[in-house]
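> prediction below, plus the sequence it came from.
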Amino acid sequence: EAGVAQSPRYKIIEKRQSVAFWCNPISGHATLYWYQQILGQGPKLLIQFQNNGVVDDSQLPKDRFSAERLKGVDSTLKIQPAKLEDSAVYLCASSSLTEAFFGQGTRLTVV
Amino acid sequence: DAKTTQPPSMDCAEGRAANLPCNHSTISGNEYVYWYRQIHSQGPQYIIHGLKNNETNEMASLIITEDRKSSTLILPHATLRDTAVYYCIVRVRGGLLSGTYKYIFGTGTRLKVLA
């Protein structure tokens, strides 16, 4: 079974630029999550989708972050404009009924 | 907010059992306890989960107290490759839709297995 795919693996941008991350969940998984993991901390849930609908985006900084899952499969997370404090690993996960599966993440460095 | 508390770090000798504790005193009756681990530069990896009964799989054992307010993850024979951050998670209902869940991470326990 293929895992959760994320790209790019690494990204370096200047502050105030925009950036987008892509996630392809495990086939058939209706629930998709985006997490932000700052160095030394546990992953923080940003947004949760069920198919193409948002279940929870209470922790998403909506003034600069946006996410979509238009066809209920792939998802993109965008940051515009980026700030220095957005430097982190962005993890995508999808879940079956019993567990969540995580991708390798995208490491974003904002300089 | 995370519903779990864990010690920030632990050491374990290679070949010995590693016992990682977790407190989840506010857990609700139908919420599961999950354990994940994260090896450097990788995404979290599922280990085991349980509701009330003790559970065992090829990776670990999970012991949940009778009042469900705490649990212990046991790695029976730790190896150097078990060095990682271990997260104890209470899986909670997600948003407005029933049937969906979310996994809220705390700060985890950094386990170092010593040769």
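Done, it's in.
> shouldn't A:Ala30 be in contact with A:Gly72?
Yes - with contact defined as Cβ atoms under 8 Å, A:Ala30 reaches A:Gly72; the gap is 7.4 Å. C-beta here means a position set from N, CA and C on the backbone, and glycine is covered the same way.
> neighbour count winner among those two?
A:Ala30 (18 against 14; other Cβ atoms under 10 Å in any protein chain shown).
> state the pLDDT value of the nearest residue to the more buried one once chain neighbours are set aside.
Distance criterion Cβ to Cβ, 6 or more residues apart in numbering or on different chains; nearest residue to A:Ala30, sequence neighbours excluded, is A:Asn51 at 5.2 Å. Per-residue pLDDT puts A:Asn51 at 90.
> ok, A:Asn51 to A:Pro25 distance?
11 Å (Cβ to Cβ, to the nearest Å).
> who has more neighbours out of those two?
Taking neighbours as other Cβ under 10 Å, A:Asn51 and A:Pro25 compare with A:Pro25 leading, 27 against 13.
> in the sheet, who's paired with the closest residue to the more buried one other than its chain neighbours?
Distances taken as Cβ to Cβ, 6+ apart place A:Ser94 nearest to A:Pro25, at 3.3 Å, with adjacent residues excluded. Counting by DSSP bridges, A:Ser94 forms beta bridges with A:Leu32, A:Phe101.
> which parts of chain A sit against chain B?
Residues of chain A lying close to chain B (Cβ under 8 Å from any Cβ of the partner chain) are A:4, A:31, A:33, A:35, A:41-45, A:48, A:50, A:53-56, A:91, A:93, A:95, A:98-105.
> now the element after the lowest-mean-pLDDT helix or strand in chain B, going C-ward?
Sorting the helices and strands of chain B by mean pLDDT, DSSP states H and E puts strand B:101-103 at the bottom, at a mean of 92. Sequence-wise, the next helix or strand downstream of strand B:101-103 (DSSP states H and E) is strand B:109-114.
> what sits against the closest residue to B:Pro44 other than its chain neighbours?
Distances taken as Cβ to Cβ, 6+ apart place B:Tyr36 nearest to B:Pro44, at 4.1 Å, with adjacent residues excluded. By Cβ atoms under 8 Å, 6 or more residues apart in numbering or on different chains, the contact set of B:Tyr36 is A:102, B:44-47, B:86-87, B:89, B:103, B:105.
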